[in-house]
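[1] Show me the folded form of this:
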Amino acid sequence: MSSIETLKTTISRKGGLAKGNRFNVMFTPPRQTLLNLDGERVFTSLIRGNFNPRSLINDPRDISILCDSVSIPGKQISTLDYQSVKYPVKIPYGTLHDDINLTFLLTNDYYMKTVFDAWINSIVDSKTNQVAYKKDITCDVTIQQLDEKDIPIYGVTLENAFPTTMNEISLANENSDTIQKLSVSFSYDRYEPQGPLSSTASAIRNALGIFG
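    Residues are numbered from 1 along each chain as shown. This is a model prediction of the structure:
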């Protein structure tokens, strides 16, 4: 068993321990969900005195800041049982990955809720039940682990991601001191592990998706 000093030396040599609260998420929703032109919401914010013209466009930087939690997805090898001469063995034939969950802080303008309301409605129209083409409702999502200086040390990009589940928001009298949050599940085609430089390039590219 390694000594404490050996462990400390190894950790120090590798730049310290990664912290679970140092992360970044960057994506730009599809174009049809980028504009917040809800007249009622704009009028209400004007009355309340907190109208900001920037709120008319879904800024990926705001989305990143309001993301409260996320997971770097895992991967599982799919196998088949093969009966050999002596004993059964497992034969790999593919990979599986689970949906990921992102949790967002809700501000008093319900910003993230309106973003996902529009996005999910663009996937399946709530009035006509018309389903959109997948290529029109997906985007790439970059998830980064950061160090204590907010420099990326590892990342993954989820390709062709889109929300599949928007969870309920609980309201109750005893929740007077509770910060409201919205949890959303995403599906995606595959994910690509990335190093610090390639992950940063992907994050920038995803943030500039509005101009793509």
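[2] Do you know the pLDDT at Cys67?
    On pLDDT, Cys67 comes in at 97.
[3] who touches Gly74 in this structure?
    97-98 (CB atoms under 8 Å, 6 or more residues apart in numbering). Where C-beta positions appear, they are placed from N, C-alpha and C, glycine not excepted.
[4] did I read that right, it in a strand?
    No - using DSSP: H, G, I helix; E, B strand; the rest coil, the secondary structure at Gly74 is coil, not a strand.
[5] From Asn167, how far off is it?
    21 Å (CB to CB, to the nearest Å).
[6] same deal with Ile72?
    20 Å.
[7] residue ranges for the helices of this protein, please.
    Under the criterion DSSP state H, helices of the chain are mapped to 4-13, 39-48, 60-66, 111-123, 196-207.
[8] What helices and strands are in contact with the longest one?
    Secondary-structure packing of helix 111-123 (3 or more CB pairs under 8 Å, 6 or more residues apart in numbering; DSSP states H and E): helix 60-66, strand 152-166, strand 181-187.
[9] Now tabulate the ones you listed in TSV and tack on mean neighbour count.
    Putting these into TSV (neighbours: other CB atoms under 10 Å) gives the following:
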stretch	mean neighbour count
helix 60-66	17
strand 152-166	19
strand 181-187	18
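[10] Adding distance to Val131, write the ones you listed out as CSV.
    CSV is the format used below for those (distance: least, CB to CB, whole Å):
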stretch, distance to Val131
helix 60-66, 25
strand 152-166, 12
strand 181-187, 15
